[in-house]
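Novice: I'd like to go over a predicted model; first the sequence, then the structure.
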Amino acid sequence: MEGLGPTDAVVLEASTGSFWWADQIEAKGARCFVMDPRKFRIIKDSWNKTDRHDARNLAKALWVHVVTGEFGIPTAHKPTAVVRDVRKEMNVSAASRLCLELTLQVLWKVEEAKKRLATEILLAGEPLKSEVELLISIKGVTPLIALAFLADADDPHAVRAPRCRLLGVPESLLP
């Protein structure tokens, strides 16, 4: 950091503390980009997900952006230091904190109940295992979707083709 100056540019991946580091880099006169990894397809869609690989792609993107100006780096919104301090110092009352804790507890209970329900549905659908396996061979069809279809259709052989097309069932699977 000591050698940074007005001719330098740095790119950081948005994470905890990245805005603080960006402030330090900008205080040295260098340009700093805080990249949003959810909007940077080269990293988001990468099959080879390692820090070294991501850093190499960030460095290439920064070079292309700074030298040619052709490639925009998708940056994260960086609130001012004052706004970040206010957000950090915001006090939450004891009553608000209790409400938040209770809401989180309810959400965790709902998540647990959803998992138990999915398990029970899958267990109840065990007799339809061969039909479910056939339906999940269709891209995007999960075991729960297959069971919902089978429960609604009752007899998949009696379902009309237009309805199956709406559900994504290929005609080749129909009798």
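Specialist: The structure has been received and is ready for your questions.

Novice: for Phe33, give me phi and psi.
Specialist: Per-residue torsions, Phe33: phi -110, psi 130 (degrees, to the nearest 10).

Novice: pretty sure it is touching Gly72, no?
Specialist: No: taking CB atoms under 8 Å as the definition, Phe33 is not a contact partner of Gly72, at 9.7 Å. Where you see a C-beta, it was placed from the backbone N, CA and C, and this is true even at glycine.

Novice: domains in this structure, by residue range?
Specialist: As given by automatic domain parsing, the domain ranges for the chain are 9-89, 125-173.

Novice: for Lys109, find the nearest of the ones you listed.
Specialist: domain 125-173 (20.4 Å; CB to CB).

Novice: now the domains of the chain in TSV, with mean pLDDT, mean neighbour count and distance to Glu111?
Specialist: Output for these, formatted as TSV (pLDDT from 0 to 100; neighbours: other CB atoms under 10 Å; distance: least, CB to CB, whole Å):
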stretch	mean pLDDT	mean neighbour count	distance to Glu111
domain 9-89	82	14	23
domain 125-173	77	13	16
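
Novice: strands along the protein, start to end?
Specialist: Secondary structure of the chain (DSSP state E): strands located at 9-13, 31-35.

Novice: related to what we said a few turns ago, what do Phe33 and Gly72 both touch?
Specialist: Taking CB atoms under 8 Å, 6 or more residues apart in numbering as the criterion, Phe33 and Gly72 both touch His65.

Novice: let me know the pLDDT of Lys114.
Specialist: At Lys114, the model reports a pLDDT of 93.

Novice: how many residues are close by it?
Specialist: Applying other CB atoms under 10 Å, we find 10 other residues in the vicinity of Lys114.

Novice: out of the strands of the chain, which is closest to Val132?
Specialist: strand 9-13 (40.9 Å).
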